[in-house]
Each structure stands twice: as C-alpha cells, then as structure tokens.
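Asks: Just a sequence and a predicted model for now, questions to come.
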Amino acid sequence: MSPALVDMRDIRKIYGTGSARFAALDGVSVRIDPGEFVVVMGPSGSGKSTFMHIVGLLDRATSGTYAFEGYDVGDLSADELADIRSRRLGFVFQSYNLLARTSAVENVELPMLYAGIHKAQRRTAALEALDAVGLRDVANHLPNELSGGQQQRVSIARALVNRPSLIMADEPTGALDSRSSRDVMELLARLNHEQGITLLVVTHDANVAAFGKRLITFKDGRVIGDGAMTPQPTVQTVGAQ
C-alpha cells in the first residue's frame, strides 16, 4: 500500500491544566489517501477545527503520531512546518483573505512570492490558475470589483498555484449565497474529479457536504462516523460569475 497523504494515529490535543483541562481531540485516527474528497462535519466544539489545524500544520498534537506524505511531522521545527505548508498545502478560507488593493492575479501570486519564485514564472502560473477557475478575464480586477463567488474562486486559484498535495477549505461557502455556493462547490468537485486534487472541506452545510465523496463526523473530540458520501451531485462545468 502506498503512503497515505495524511496518516493520523491516536491524536490527542489537550488544552489547559488541572480542572480546566480539556481534550479538543481525544484519540483521533484518520487516514486520507491522494485524490480523496473528504468532508468534515460536527457541531460547534466537536473538534473539527482543531483537527483541520493539526492536519494543516498550524498546530501540534499533544500526543499521537501524524505522518504527512509518509514523513513524521511531529519533530519538525516551526520553519520546517512552514516550508511544508507553503509548498504542499493550499488553504481556502470563508472570508477569502484577499489583499484589497491588489489585483486578482497578484493575489494568486502571493504564495509563490513568499516561496521566492521569479516574477515572470509567478505571473504565468497565476494566470494558469485563474484560467483553471474560469477567471482569467478578471485577472487585473481588484477584489471589490468582483462578486463574492468570484473572490472565493480567486482564493481557490491562490490555493492551487503551487500545485499542493492537499487543499483545505474551512467553510468555503459560508459567506456566499446559494447560487454562488453551488458554483464554488462544483468548481472544487471538478478540480478533484478532473485533476485528482485532494480536498479536505469543513462545513456545517449538508448541501455543501453532499459534493464530497467521504464524510468524517466529529463529536466531543472523537470521530463518530467515517464513510462514503452518497449520492453525489452531477459535476457541471463552472461558468457562472
């Protein structure tokens, strides 16, 4: 069996001490293989956000083991974790996190700028990423000249641009109307289906979750469900703005 993309075993994350001690994650074991489209759900306080932070190397587990692409990340330095995040992980946030006075193409270039990639190479790759999400024609527009759905697609292009092993999306449609939400999820599903991009999406919305192929459910810091998601919506070509 080939190495898992994400291989967590008996992960615990403890906050506080004494009577204030709280287990945000309590013995979580999860394997995610390349090409999967995984949705994470659970009530507030269930541990799903802590799980995402540890998967995304934004936080460390208190105990247990976590291997990313076959490498144990538990003993890596902060700089080494940051390097993996910049090269191997892409992030999509509910609030888009675009720079207001920076064009769409320049926003998409940011991860490559931080990685020290040459300007000409950055521009080419950024335009290709915008083309992949159907937004090459607005490359020079500022965020306030774009709809919410378009801004989120720019953030997806930014997540794609370094060709990461895993794209993580935290409530990616939380700030969108229902039509734009569907457009964004159809785009993510198409990227997964056509390009084999591995996706991990946190959501509270069952309509969003239905686009995934696998559902992991959290409660009280534990995984209480993990299985195939059926049925799935038909993936359509994204064309709505």
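Replies: Yes, it's here.
Asks: Neighbours of residue 209, how many?
Replies: Residues contacting residue 209 under the criterion other CB atoms under 10 Å number 18. Just so you know, the C-beta spots here come from the backbone N, C-alpha and C atoms, and that holds for glycine as well.
Asks: ugh, wrong one, residue 85
Replies: By the measure other CB under 10 Å, the count of residues near residue 85 is 16.
Asks: Could you pull up the residues touching it?
Replies: 56-58 (CB atoms under 8 Å, 6 or more residues apart in numbering).
Asks: in which helix or strand would I find the spatially most central residue of the chain?
Replies: Nearest residue to the geometric centre of the chain (CA atoms, centre = their mean): residue 168, 1.0 Å. Using DSSP states H and E, residue 168 falls within strand 166-170.
Asks: pretty sure residue 146 contacts residue 154?
Replies: Yes. Between residue 146 and residue 154 there is a contact at 6.9 Å, judged by CB atoms under 8 Å.
Asks: okay, those two: which has more neighbours?
Replies: Neighbours around residue 146 and residue 154, counted as other CB under 10 Å, are more numerous at residue 154. The numbers are 26 against 19.
Asks: What helix or strand is that one located in?
Replies: Going by DSSP H and E, residue 154 is in helix 148-160.
Asks: Moving C-terminal from the longest helix along the chain, which element do we reach first?
Replies: For the chain, the helix with the greatest residue count under DSSP state H is helix 178-195. Downstream of helix 178-195, the first helix or strand assigned by DSSP H and E is strand 198-202.
Asks: Sheet partners, orientation included, of that following strand?
Replies: If you go by DSSP bridges, strand 198-202 pairs up with strand 37-41 (parallel), strand 166-170 (parallel).
Asks: Make JSON lines out of the ones you listed and add distance to residue 211.
Replies: JSON lines is the format used below for the strands paired with strand 198-202 (distance: least, CB to CB, whole Å):
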{"stretch": "strand 37-41", "distance to residue 211": "7"}
{"stretch": "strand 166-170", "distance to residue 211": "11"}
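Asks: mind listing what residue 49 touches?
Replies: So residue 49 contacts 170, 202 (CB under 8 Å, 6+ apart).
Asks: So it, which state does it fall into?
Replies: Three-state call for residue 49 (DSSP: H, G, I helix; E, B strand; the rest coil): helix.
Asks: mind putting the strands paired with strand 198-202 in CSV, mean pLDDT and distance to residue 8 included?
Replies: Shown next, in CSV, are the strands paired with strand 198-202 (pLDDT from 0 to 100; distance: least, CB to CB, whole Å):
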stretch, mean pLDDT, distance to residue 8
strand 37-41, 97, 12
strand 166-170, 95, 13
